[in-house]
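here is a sequence with its predicted model. Questions after.
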Amino acid sequence: MSHVLDQNLNYDRPIKLADGVFWVGYNDPHSGLQCNPYLIFDGDEAVLIDGGSRPDFSTVMRKVLQVGVEPRQISHLIYQHYDPDLCGSIPNFENIIGRPDLKLISKQENIAFIRHYSVRSEILCMEAIGRRLVMKSGRALTFHATPYAHLAGSFTSYDTASGILFSSDLFGSVGDPKSWRLFLEIERACAGCAAPKPTPDEICGRAGCACPWTGFAFFHRQIMPCNKAVRYAMDVVRSVGPKMIAPQHGSVLHRPDDIAEAIARIAAMDDVGIDGVPAFAGA
Ligand SMILES: [Fe+2]
Ligand SMILES: [Fe+2]
């Protein structure tokens, strides 16, 4: 999907990932934690994935409008877990969409928590709807559970038309916000690199750039609970076989070699969450 780089990457506008798929996120030069909501627009129907935090609402909504979507065309809001960085703006979206038949989609384990965002709309459990959403156009999204990566009810969404997997916190990364790019391409010097990794903000002496693998490792080590959860999730992603991975933080992966190496490296981590904490040695 190298054509994604052939467009004007003006981050103040929505960015097209594939036909009908748009990044409607926010490039915050002061934040090391980039948030990426995504919009699917097919026919006259739109679906928003991991819509964003309350402070980001006006920016995300402006970009939705710039795509050409009227708020009332949004039929579903998908929330792949219940954290505030993706759910905080639910009441804002409900107000502006103004549809009594608006539906939220999440997983059973998340729903009790999502209600605490003052949600008025019906929340559908992704399992109760057969782990798929078929839009009026026939375009289908399939849902894939990734338990405890990082919450019990975490899941990912796969757009069968484009081959894009919306991975939520999986494949998130951190780094210097000033050098952030939406589409990450791993430098040749970094592919297969086994050199000791610098910190996320440090420039690697070998490649002359920040280490992309460090950004992934740092994020997963801190956000995910344990090695087993991450390995299970990587098996799920392999079974889906996406052409593109669009995470809620960090950058989009769109080259097959980069996707394969990212999966392998994340699955090989042995210090994720509690597994990276030394044994308790007494208070
Ligand atoms: Fe999260
Ligand atoms: Fe997140």
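Alright, I've got the coordinates. Ligands and ions are numbered 1, 2, ... in the order given.

who touches stretch 175-194?
Outside stretch 175-194, the residues within contact range by C-beta atoms under 8 Å, 6 or more residues apart in numbering are 4-5, 9, 11, 15, 23, 25, 27-32, 34, 36, 200-201, 204, 206-215, 250-255, 257-258, 261. Every C-beta, even on glycine, is put in place using the N, C-alpha and C of the backbone.

now list the buried members of those residues.
4, 11, 15, 23, 25, 27-28, 32, 34, 36, 200, 204, 207, 210-215, 250-255, 258, 261 (16 or more other C-beta atoms under 10 Å).

in strands only, show me the contacts of stretch 175-194.
Using DSSP state E, 15, 23, 252-253 are the members of the contacts of stretch 175-194 that sit in strands.

could you measure whichever residue of the stretch 101-250 of the chain sits closest to ligand 1 against P196, distance?
Using C-beta to the ion, the single residue of the stretch 101-250 of the chain nearest to ligand 1 is D169, 4.3 Å away. According to C-beta to C-beta, to the nearest Å, D169 stands 26 Å off from P196.

does R238 belong to a helix, a strand or coil?
Under DSSP: H, G, I helix; E, B strand; the rest coil, the three-state class of R238 is helix.

and the closest residue to ligand 1 within the chain, what pLDDT?
Across the chain, the shortest distance to ligand 1 (C-beta to the ion) belongs to D83, at 3.7 Å. Confidence at D83, expressed as pLDDT, is 98.

before we move on, what about A46?
Predicted confidence (pLDDT) for A46: 98.

same check, this time on A189
For A189, the predicted pLDDT is 86.

what is the burial count for it?
13 (other C-beta atoms under 10 Å).

helix, strand, or coil at it?
Following three-state DSSP, A189 is assigned to helix.

would you map the helices across the protein?
Along the chain, the stretches classed as helices by DSSP state H are 57-67, 84-87, 90-97, 108-114, 212-223, 227-240, 256-268.

any part of the fifth one near ligand 2?
No - Helix 212-223 is not in contact with ligand 2 by C-beta under 5 Å from the ion; minimum separation 7.4 Å.

quick one: average confidence on that helix?
Mean per-residue pLDDT for helix 212-223: 93.

with the longest one instead?
Confidence over helix 227-240, taken as the mean pLDDT, stands at 98.

run the angle between that helix and helix 212-223 for me.
Comparing the axes of helix 227-240 and helix 212-223 via axes from the mean of the first three to the mean of the last three C-alpha atoms, to 10 degrees yields an angle of 120 degrees.

again, but for the first one
Comparing the axes of helix 57-67 and helix 212-223 via the same axes, to 10 degrees yields an angle of 130 degrees.

chain center to helix 57-67: distance?
A distance of 18 Å separates the C-alpha centroid of helix 57-67 from that of its chain, computed with C-alpha atoms, centre = their mean, to the nearest Å.

cool, stretch 90-102 as well?
The answer for stretch 90-102 is 22 Å, by C-alpha atoms, centre = their mean.

what sits up against it?
Contact with stretch 90-102 is made by 48, 51, 54, 57, 61, 71-72, 74-77, 79, 104, 114, 117-122, as judged by C-beta under 8 Å, 6+ apart.

buried subset of those, written for ChimeraX?
Isolation of the buried members of those (16+ other C-beta under 10 Å) is achieved in ChimeraX through the command below:
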select :48,51,57,61,71,74,75,76,77,79,104,114,117,119,121
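
who does I49 bridge with?
Y38, I78 (DSSP bridges).

how close does it sit to A207?
The separation that I49 has from A207, given C-beta to C-beta, amounts to 32 Å.

could you do S239 as well?
S239 is 32 Å from A207, by C-beta to C-beta.

cool, V240 as well?
30 Å.

can you put the ones in strands among the contacts of stretch 175-194 in TSV and add pLDDT?
Below are the ones in strands among the contacts of stretch 175-194 laid out as TSV (pLDDT from 0 to 100):
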residue	pLDDT
I15	97
W23	98
V252	97
L253	98
